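1. After the sequence you'll find the predicted model.
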Amino acid sequence: MLYPANAAVPAKLHTADFTLTPLTPAHVELDYTAVTSSHEMLRQWSGSAWPSDDFSLDDNLQDLQWHDREHQERIAFTYTVLNPAQDECLGCVYIRPLSEIMPTAPDYQAIARFWVRQAHQGGALERQLLETLCAWFHSDDWAFERILFHTRVSSQWQIHLFIVAGCQAVNTHYLPERGGYHTFFERLPDD
């Protein structure tokens, strides 16, 4: 189980630089623009052919319906990263059960990964998003006992980002369905 049945799932998080809100079909056009403007980076980040050269708005709608359904069923949570005016998608955050990768992992433990538009890759927005996520996941807003970030070993810019942010690499796993080897990072809460 990813999340306790009696725990509220955070609806939004506002910062001065962006808003995190659950990704729904209502975001299809904003999300599609972000995805198609960053297709080369996303293929490298995901280790797949997604988004394909012929990826359409309807394909994206189907993806968003799937993410929304998972969110509603509390199987996984996907958040869109919107600019302060909420008229541009800057990226996405995906939260899934750790047991997908480690079947013996206890309940209420999760893995998270995220991307920002290619234009922001390796920049201040990506650093701010990671810092915000670390603080958010360790706050009372979430009921996770543990959450690990992960990224593909070949995504060196994100590995560097985690290291600079004080995250510790805890292990590396081969995930063939996610494009190869992934390194998992954890940052313990500040005292």
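-> Looks like it came in fine. Residues are numbered from 1 along each chain as shown.
2. the strands in the protein, which residues?
-> 13-14, 19-22, 77-82, 89-97, 109-116, 146-152, 168-175, 180-186 (DSSP state E).
3. by how many degrees do the longest one and strand 77-82 diverge?
-> So the one you mean is strand 89-97. 170 degrees (axes from the mean of the first three to the mean of the last three Cα atoms, to 10 degrees).
4. could you say what helices and strands strand 89-97 packs with?
-> If contacts are counted by 3 or more Cβ pairs under 8 Å, 6 or more residues apart in numbering; DSSP states H and E, strand 89-97 sits against helix 28-37, strand 77-82, strand 109-116, helix 124-137. Quick note: C-beta positions are derived from backbone N, CA and C, even for glycine.
5. For the ones you listed, give me TSV that also has mean neighbour count, distance to residue 52 and mean pLDDT.
-> Below are the helices and strands packed on strand 89-97 laid out as TSV (neighbours: other Cβ atoms under 10 Å; distance: least, Cβ to Cβ, whole Å; pLDDT from 0 to 100):
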stretch	mean neighbour count	distance to residue 52	mean pLDDT
helix 28-37	18	11	98
strand 77-82	23	20	98
strand 109-116	22	17	95
helix 124-137	18	25	96
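6. Excluding chain neighbours, give the residue nearest to residue 82 in space.
-> Nearest residue to residue 82 in three dimensions, chain neighbours excluded: residue 19, at 4.8 Å (Cβ to Cβ, 6 or more residues apart in numbering).
7. what about the one you found, distance to residue 129?
-> Here residue 19 is placed at a distance of 11 Å from residue 129 (Cβ to Cβ, to the nearest Å).
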